[in-house]
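Asker: I need the structure of the sequence given here:
(3 chains)
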Amino acid sequence: MASGPSGGTSSPRGVLAVINNPTFRGVIVQLVFVAVLAWFVWDVIDNTARNLQRANIAAGYGFLNRTAGFGIVQTLIDYAETSSYGRAVLVGLLNTLLVAGLGIVVATALGFLVGIARLSRNWLIAKIATAYVEIIRNIPLLLQLFFWYFAVLRAVPGMREKWTFLGVFHLNIAGLHVPRLAFGDGSIFILAAIPVAIAISVFVAHWGKGRLDRTGRKPPVGWISAALIVGLPILVFFIAGRPITFDVPVFNETGPILRRGFQSGTGMTIIPEFVGLVLALSIYTAAYIAEVVRAGIEAVSHGQSEAAASLGLKPGQTLRFVVIPQALRVIIPPLTNQYLNLTKNSSLAVAVAYPDLVSVGGTVLNQTGQAVEMVSIWMLFYLGLSLLTSMVMNYWNRRVALVER
Amino acid sequence: MSTTSSAFVRGSFIESRRPPRTSVGVIGWARANLFSSLPNSILTLVAAAFIVWALTPLVRFTIIDAVWSGEDRAVCAKATGACWAYVKAYLPQFIYGRYPIDQRWRVDIVYALLALALVPMLIPRAPLKRLNAAFLLFAYPLIAFVLLTGGHIGFRGGWLPAWIVAPSPLRFFAEYALVAMVLLLVVGLLARIAGHPVAGSGRAAGIVLGAIGLLLLVVAADFGLEPVETSNWGGLLVTLVVAVTGMVASLPLGVLLALGRRSSMPIIRLASVIFIEVWRGVPLITVLFMASVMLPLFLPDGVTFDKLLRALIGVALFNAAYMAETIRGGLQAIPRGQYEAGMAVGLGYWQRMRLIVLPQALRLVIPGIVGSFISLFKDTTLVSIIGLFDFLGQIQASANDAKWASPVTGVTGYVFAATVFWAFCFAMSRYAAYTERRLNRGRRR
Amino acid sequence: MRRTIVSAVTGITLALAGLSFASAGTLEDVKAKGFVQCGVNPSLIGFGVPDEKGVWSGLDVDFCRAVASAIFGDPTKVKYTPLNAKERFTALQSGEIDLLSRNTTWTMSRDTSLGLMFVGVTYYDGQGFMVRKSLGVSSALELSGAKVCAQTGTTTELNLADYFRSHNMPYEVVAFEKNEEVLQAYEAGRCDAYTTDASGLYAERLKLTNPDDHMILPEIISKEPLGPAVRQGDDKWFNVVKWTLFALLDAEELGITKANVDEKKTSDNPEIKRLLGTEGDFGTGVGLTNDWAYNIIKQVGNYGEIFDANVGPSTKLGIARGLNNLWSKGGIQYAPPIR
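Answerer: Below is the predicted model of the structure:
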């Protein structure tokens, strides 16, 4: 490397100049880096291939078509022991999305509540909220999960007993039993009525805004929309001849002991693993969301709300039209981060037997020995999810930035 | 001169009256903060009711109904409160795992050294920060490693034919010396040809190679310590080993990744971004599963890693990605002028980073680093899922021990674990808040 | 350069893992490093469990000690790697352990597609159910509609599904990652029944608050031959482990025990002489010394002794020999002759 490929750099000075050239050095460093990386990756792949061959494990995703043969306690789509591994993984994936989705809703509600409570002028409320945040944030999630699952499991009545709330919610160790909606013929009209109602509401909102701009008066758009979205499906429900019925869980108090308790196949059972997981995830994440919300609200300068007050806005209006829109700009990016965290943390389901993607995938991994494939499915799913989220976030950030100008 | 006037002018100030009793003191404070309006009063009462509702069972369980002493599960079988007797009986296991009892002094030394080195590190005014940091980052891990495992690694070397030197530590060090010499020669030659910019690198390489050699010598030396397998480690020991190693390893890695992400070299930048985003995008548990079931497949035949070491690698890489983002925040906060000034005085890239940028950036992100240490500390509990006995795993395992199994044992264990974790994490988060305030004060001035 | 890096990395690893550097053959590696690395169950009473001081005991553990005795004449030259269900096969495939002795069921797919070879059966087991006595159930066939707790990553889940399906009974499985969690959930009442290998049920029952409130149902719903496994493709090591097992069984059949092995050494019975190495050259044939079997019996005992000491009727587990008795005594344990 002492003499360059082309002439004219053979003198020591020339060599020095080339070596000292930052661009040249950058290229060399990167070439070396790529070479080392390529060697490393090749080495890993080579080793893996050889190890798999030695262990007689066929690489590839063909195993997903084989029969799974194990049962899963909660399935959102049809699944039986005779279904394939691929279907089992899909069941797990949907379960992950379900628990993450519900967790996000609960955590957001609780988080906003606690975040606002921390800023309350009521000393006791503020202190309770602070204590909540400081306690929950400093205890590992896994521990909280165990606590909610095992401690609560011991506290609720056994399988042959129940607690009843509001007449329709029944709780025992087998889970929360609620009436299930049974969709008969014609329910499709009711389901169709919902998007129609939403579409009309959007139209109404548009009209309302135009009217506000023209006359300065705001028609009761919120009420109209609410009436539409609730009323229209109900109207259709009666017109279609009440096709939706409630399938109430049946509780057997007599008979052979295994038959006592809630009869399987009646009503809807929300398994305790799901309840425990949602509780733990949302309580944990809510503590972080509360901090995000607090920081967001504190970031809105005091002058803003004072200005709003001097314009004659009521406190509620100040919050709705002035503080929250500005706070949201600060809140939303870290909030999405928390949503992602919650989704990733839902993988702890494996510790409490909730059949999520990681838990079901782990079972598949065990039955088949396809470690590389299974781990790759996990990683792709979570990576895809977080990439998707950050793409949406970037888009949103750009939009906000434009609004700011 | 006595003219009477109907006007009244007070000749002296009247004694200032005490404020109404309802606006000062406890009552005033309560009126202002608790009962300022009707809804507020209702809120206060609801909150008070909530506190009573939440705290009563907790106090009853942990204190009033708790069982404090006893020999086995008989005392807790009927208890409705916590079974502290069980915690007392198992405390040594929670702290040391199954580390041999007569060797536990080694763990004690490791704990004590950590405390001794860490406390002055955390006090801003304590002297010798640099020396202390160097000790914590380099010497301490080495000492802890030797003490905990027993050291005395049987290196055997790899490629010198057996007829020259038989496989032994000697062969390994002979090989090491040979390779080091060749490396030094190459570097020296380059330095000679190229002159100034690489002139010092020969000495630098020598120092690095020498340091590595010394390190290898220390871990290979026989200090007469009985070897203790990592499968016997457990409890707080594993939790701290995972957390501290994860931290110590991820800090330099995080710095490199953060610099890589801000590098002007596109390939390096791309690689850093991919690395960081991939690790941040997946849950730690899948990383740990990968480390426990997939990593062995990546290695050549016959080369294996200890289970704890595999988990450590997973945790360190995972944490490094988060650390990189924290440090990047600090790097971005350094004004451009600092970089430019560095260039203007003729410093090279690494000199600029080492002498100007990083010292400032790292100071700025101390709260962030402590924050990520807290989450790392909490995340160590996940290693129990892959079958290592960390603090939580050890407690869980012991709760099912035939000697102490009772309806309250499990919950007692969880409450105890929660208290300990909370104490650690809360202390750290207070420290982070304290440094944040300190740094902000400095900047405001 | 690559070799240096590799040797440096492996060197550090050595201390933690105790690895076999050159993979010439497992037996040579084991002899060179001076101990057997044995994968065991982390917490199954009677099979593999450490006490408070970290001393391991159990039937599977004793088998590891028997292998160490055969090779080194010293049962303490074993290092144990506790493994959960998920990691056990990777640990063996990757060479982290030399021998997997962790109540693992011998199945065809494990023999053919996981790169393992089972050397034999140390314990004939079958899957069973444990229920609360208060449930009033006396047969697994009455478990229709039951909620069953199980551990994931085992053959248990599959057998369970097969059993309920073939009997047309509805059921729900709650599958946990760790044994502790299964037990905790069962104890809390989340499930009507707890299923695993029958031997495991006896062991786990001891960890319940009131073991007497629970009973193990008589039905055994599957065949679970538990045995040690080694990596495929190393016949020499396979033979050492296999014949260690057979020596344990043959010793019991010939009436040689830990106590009388020294006097039996002078026996005239040719079978005993061949086993104890006073006649023939059988030990060197598998790459060991001729007193290999003598060492096993002297240090660890015969199969019957191991069984009785760890799981037999006089222990807390109280499991009868049953199928695990010798073929000559009504069981199915049978070892090929040494000749």
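
Asker: name the nearest residue to the spatially most central residue of chain B, ignoring sequence neighbours.
Answerer: The residue lying closest to the centre of chain B (CA atoms, centre = their mean) is B:Phe373, at 4.0 Å. Nearest residue to B:Phe373, sequence neighbours excluded (CB to CB, 6 or more residues apart in numbering or on different chains): B:Met247, at 5.6 Å. (Glycine included, C-beta is placed from N, CA and C.)

Asker: checking my notes, C:Phe129 in a helix, right?
Answerer: No: counting by DSSP: H, G, I helix; E, B strand; the rest coil, C:Phe129 is not part of a helix but strand.

Asker: now do it against C:Thr152, distance only.
Answerer: Plainly put, C:Phe129 is 17 Å away from C:Thr152 if you go by CB to CB, to the nearest Å.

Asker: can you give me the strands in the stretch 151-300 of chain C?
Answerer: Secondary structure of the stretch 151-300 of chain C, counting by DSSP state E, counting those that start in this stretch: strands at C:171-176, C:193-197, C:214-216, C:224-226, C:229-231.

Asker: can you redo those strands as a markdown table with mean pLDDT?
Answerer: Shown next, in a markdown table, are these (pLDDT from 0 to 100):
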| stretch | mean pLDDT |
| --- | --- |
| strand C:171-176 | 87 |
| strand C:193-197 | 92 |
| strand C:214-216 | 92 |
| strand C:224-226 | 92 |
| strand C:229-231 | 93 |
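
Asker: so of these, which one's packed in deepest?
Answerer: strand C:193-197 (a mean of 27; mean count of other CB atoms under 10 Å in any protein chain shown).

Asker: off-centre distance for that strand?
Answerer: Offset of strand C:193-197 from its chain centre (CA atoms, centre = their mean, to the nearest Å): 18 Å.

Asker: residues in contact with it?
Answerer: Strand C:193-197 is contacted from outside by C:103, C:105, C:125-131, C:143, C:146-151, C:154, C:156, C:160, C:182-183, C:186, C:201, C:204, C:217, C:224, C:226, using CB atoms under 8 Å, 6 or more residues apart in numbering or on different chains.

Asker: how about 7 Å then?
Answerer: Strand C:193-197 is contacted by residues C:103, C:125, C:127, C:129-131, C:143, C:146, C:148-151, C:156, C:160, C:182, C:186, C:224 when judged by CB atoms under 7 Å, 6 or more residues apart in numbering or on different chains.

Asker: so which of these are also by chain B?
Answerer: With CB under 7 Å from any CB of the partner chain as the criterion, the contacts of strand C:193-197 include none near chain B.

Asker: would CSV of the strands of the stretch 151-300 of chain C with distance to B:Phe172 be doable?
Answerer: Shown next, in CSV, are the strands of the stretch 151-300 of chain C (distance: least, CB to CB, whole Å):
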stretch, distance to B:Phe172
strand C:171-176, 45
strand C:193-197, 45
strand C:214-216, 55
strand C:224-226, 41
strand C:229-231, 27
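
Asker: can you tell me the SS state at the nearest residue to A:Pro179 once chain neighbours are set aside?
Answerer: Counting by CB to CB, 6+ apart, A:Pro179 lies nearest to A:Phe246, which is 4.3 Å off, once chain neighbours are set aside. When classified by three-state DSSP, A:Phe246 comes out as strand.

Asker: one step back: and the residue nearest to B:Phe373, which of the three is it?
Answerer: helix.

Asker: does A:Val360 count as helix, strand or coil?
Answerer: Classified using three-state DSSP, A:Val360 is helix.

Asker: please look at it and A:Val89 and confirm they touch.
Answerer: Yes: using CB atoms under 7 Å, A:Val360 makes contact with A:Val89 at a distance of 6.2 Å.

Asker: what about the closest residue to B:Pro407 other than its chain neighbours, distance to C:Leu183?
Answerer: What sits nearest to B:Pro407 in space, not counting adjacent residues and going by CB to CB, 6+ apart, is C:Thr209, at 5.8 Å. The gap separating C:Thr209 from C:Leu183 is 11 Å, by CB to CB.
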